[in-house]
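*Asks:* Provided below are the primary sequence and the corresponding predicted coordinates.
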Amino acid sequence: MATFVLVPGACHGGWWYEPLAEDLRRAGHRAYPLTLTGLGERRHPACAGINLDTHVRDVLAVLEYEQIDDAVLVGHSYGGMVISGVADRAPERVDSLVYVDAFVPDDGDSCWTLTNDEQREWYLSVGENGYEMPPLPFFDARATPHPLATLLQRIRLSGDLSRYRRDYVYAKLWDGESPFTPTYQRLRGDPQWTVHELETRHNVLRDGTAELLKVLLSDRRARPSDRPRG
């Protein structure tokens, strides 16, 4: 049995992962679809002080209080920043990492530095309060404004994430330029990564869970990890 901790992208909550989580549970695994501070049903504490560190701490708290020490961290889009920070800070609780059309940062990177100009324009389209960017018009009706500071803060990584098994899932059907194409091109030739190409749009679950589920339920994830702890 594997334990999947599912971290959504910008403006989204745990609801985005729920169909996938149900499939994982039916397959005999544990699944925790998370909503991060300031978003979705956790929107009530929204404020200018919510940053990337806040969201990393959100996930660390779940790992601690659910007593998870074998997490398969799955991060979609912005969620790649979050799972990288979590894996760096709590290696004893993490088994492997899955980046779903997501940012893969090095120390000192941010979403702002890693993305393209089109996405930066979106980041800067903050509303009246000045600290949240609005959901894009085609997002699900449940999407909520996203804290801008989470996208601007540079991540600090002190360890080597190559200790983990790492998968990258690339969505091929973007409308326009994908900000993740440079990451995909860099990783697909790296023997330390397993790279998957999906015939989906960036919202990979909008077309159903089957393809991503296949990646997560590969035989490799059913075997106990031999990764040294700590």
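*Replies:* Ah, there it is.
*Asks:* For the longest helix that the chain contains, name the packing helices and strands.
*Replies:* Under DSSP state H, the helix in the chain containing the largest number of residues is helix 52-65. Other helices and strands packing on helix 52-65, by 3 or more CB pairs under 8 Å, 6 or more residues apart in numbering; DSSP states H and E, are strand 3-7, helix 79-89, helix 149-152. For every residue, glycine as well, the C-beta is placed using N, CA and C.
*Asks:* Can you add mean neighbour count and distance to R120 and give the ones you listed back as TSV?
*Replies:* Shown next, in TSV, are these (neighbours: other CB atoms under 10 Å; distance: least, CB to CB, whole Å):
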stretch	mean neighbour count	distance to R120
strand 3-7	24	22
helix 79-89	26	15
helix 149-152	20	9
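*Asks:* Looking at those, spot the one closest to V195.
*Replies:* Nearest to V195 among those is helix 79-89; the distance by CB to CB comes to 13.8 Å.
*Asks:* Okay, angle between the longest helix of the chain and strand 3-7 too, please.
*Replies:* Relative orientation of helix 52-65 versus strand 3-7 (axes from the mean of the first three to the mean of the last three CA atoms, to 10 degrees): 160 degrees.
*Asks:* Show me the strands in the protein, by range?
*Replies:* With strands called from DSSP state E, the chain shows them at 3-7, 30-33, 71-76, 94-100, 132-133, 146-147, 165-171, 193-198.
*Asks:* Indicate which one of the helices and strands packed on helix 52-65 is closest to W112.
*Replies:* Among the helices and strands packed on helix 52-65, the nearest to W112 by CB to CB is helix 149-152 (5.3 Å).
*Asks:* quick one: contacts of that closest one?
*Replies:* Applying CB atoms under 8 Å, 6 or more residues apart in numbering, the contact partners of helix 149-152 are 10, 48-52, 54-55, 78, 81, 110-112, 123, 131, 133.
*Asks:* Could you check how many residues crowd around L136?
*Replies:* 11 (other CB atoms under 10 Å).
*Asks:* before we move on, the earlier item: between the contacts of helix 149-152, which sits nearest T194?
*Replies:* The closest of the contacts of helix 149-152, once distances to T194 are taken by CB to CB, is M81, at 20.1 Å.
*Asks:* Okay, the closest one and H202: tell me how far apart.
*Replies:* 16 Å (CB to CB, to the nearest Å).
*Asks:* May I have the beta-bridge partners of Y99?
*Replies:* For Y99, the beta-bridge partners are G75, Y168 (DSSP bridges).
*Asks:* Can you give me the pLDDT of it?
*Replies:* Taken from the predicted model, the pLDDT recorded for Y99 is 98.
*Asks:* Repeat that for the one 10 residues further on.
*Replies:* Model confidence at D109, given as pLDDT, is 98.
*Asks:* my read: it touches T183, true?
*Replies:* No: when contacts are counted by CB atoms under 8 Å, D109 is not listed as touching T183 (10.8 Å).
*Asks:* anything in contact with each of those two?
*Replies:* Common neighbours of D109 and T183 (CB under 8 Å, 6+ apart) are F103.
*Asks:* coming back round to it: with distance to I155 added, can I get the strands of the chain in JSON lines?
*Replies:* Compiled in JSON lines, these are given as follows (distance: least, CB to CB, whole Å):
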{"stretch": "strand 3-7", "distance to I155": "14"}
{"stretch": "strand 30-33", "distance to I155": "22"}
{"stretch": "strand 71-76", "distance to I155": "12"}
{"stretch": "strand 94-100", "distance to I155": "14"}
{"stretch": "strand 132-133", "distance to I155": "19"}
{"stretch": "strand 146-147", "distance to I155": "15"}
{"stretch": "strand 165-171", "distance to I155": "16"}
{"stretch": "strand 193-198", "distance to I155": "19"}
